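1. Here is the input, now give the coordinates:
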Amino acid sequence: MGMYRKEKYNVLVVGVGGQGILTLSRLLAEAALNNGYNVVVSEIHGLAQRGGSVAVHVRIALNNAPLAPLIPRGGANIMVALEGHEALRYLEYLSPQGVIILNKRIIPPSVPNVRIYSIDDVIGIINKLGIKHYDISAEEVALKLGKPYVTNVVILGFLAKIGILPIAKENFIKAIRKVFSERVATDNITAFEEGYKYSMGAHKASLTVMKAQ
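-> Numbering: from 1, shown residues only. Predicted coordinates:
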């Protein structure tokens, strides 16, 4: 799937600590660099704590235009949400024309007396707001591979396949080989390929011209 080519792409990657959000963001940034683009990556939440909220801003310019470190509210063309509650938490960052790639996973918040949503609740809220989204059960794919720790790279492969970023597949593969050791890279390339060919359960977002933020 292709789409109108913009000069800048703002990708917000969100989830909780321990899901590999920083690694996914680094792989995305490296792939964009391999494609010859200018990239800025900024983490704003989560630090190193497992289970805490994590958000990473990945800003990509197809030319040499300068980029501020953070995506403004309402400025994200794409949100990659590895967990449902975190998708809802950061909705204010999504552009009116933005798209969500939603991993169908719920991790109950560690804070007491907080409402816990089901993944169907989350999808229902997103639908009610009229937001375009693609859904993936990435844990199921990773578990079938016998490697639950590659869930984040399954999602990256899915993102690469749906064509909403102008980054060639081979540049994602090069990024994986750069970031991981040879042995670990092999497992992650397999995970990437499985995510790349995933289609069942995906909500097909319509082609939409997104305004550059």
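2. quick one, what contacts Asn188?
-> Neighbour list for Asn188: 150, 153, 176, 180 [criterion: Cβ atoms under 8 Å, 6 or more residues apart in numbering]. Where C-beta positions appear, they are placed from N, C-alpha and C, glycine not excepted.
3. Sort out for me which of the residues you listed are in strands.
-> With DSSP state E as the criterion, strands contain none of these.
4. can you pull up the bridge partners for the spatially most central residue of the chain?
-> The chain has Val80 as the residue nearest its centroid, 2.6 Å off, counting by Cα atoms, centre = their mean. Using DSSP bridges, the bridge partners assigned to Val80 are Val13, Ile101.
5. same check, this time on Leu94
-> Ala76.
6. Count the neighbours of Gly195 for me.
-> By the criterion of other Cβ atoms under 10 Å, Gly195 has 24 neighbours.
7. Alpha carbons only: can I get the strand or helix carrying it in PDB?
-> For Gly195, the host element (DSSP states H and E) is helix 182-197. C-alpha atoms of helix 182-197 as PDB (Å, rounded to 0.1, in the frame of the first residue of the first chain):
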ATOM      1  CA  GLU A 182      24.400 -11.900  14.400                       C
ATOM      2  CA  ARG A 183      22.700 -14.700  16.400                       C
ATOM      3  CA  VAL A 184      20.000 -12.400  17.800                       C
ATOM      4  CA  ALA A 185      19.600 -10.600  14.400                       C
ATOM      5  CA  THR A 186      18.500 -13.900  12.800                       C
ATOM      6  CA  ASP A 187      15.600 -14.400  15.300                       C
ATOM      7  CA  ASN A 188      14.600 -10.700  14.800                       C
ATOM      8  CA  ILE A 189      14.700 -10.900  11.000                       C
ATOM      9  CA  THR A 190      12.400 -13.900  11.200                       C
ATOM     10  CA  ALA A 191      10.100 -11.900  13.500                       C
ATOM     11  CA  PHE A 192      10.100  -9.000  11.200                       C
ATOM     12  CA  GLU A 193       9.200 -11.200   8.200                       C
ATOM     13  CA  GLU A 194       6.300 -12.700  10.100                       C
ATOM     14  CA  GLY A 195       5.000  -9.200  11.000                       C
ATOM     15  CA  TYR A 196       5.500  -8.200   7.400                       C
ATOM     16  CA  LYS A 197       3.200 -10.900   6.100                       C
END
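8. Buried ones in the lowest-mean-pLDDT helix or strand in the chain, by neighbour count?
-> Within the chain, no helix or strand scores below strand 38-45, which has a mean of 90 by mean pLDDT, DSSP states H and E. Across strand 38-45, burial judged by 16 or more other Cβ atoms under 10 Å covers 38-41, 45.
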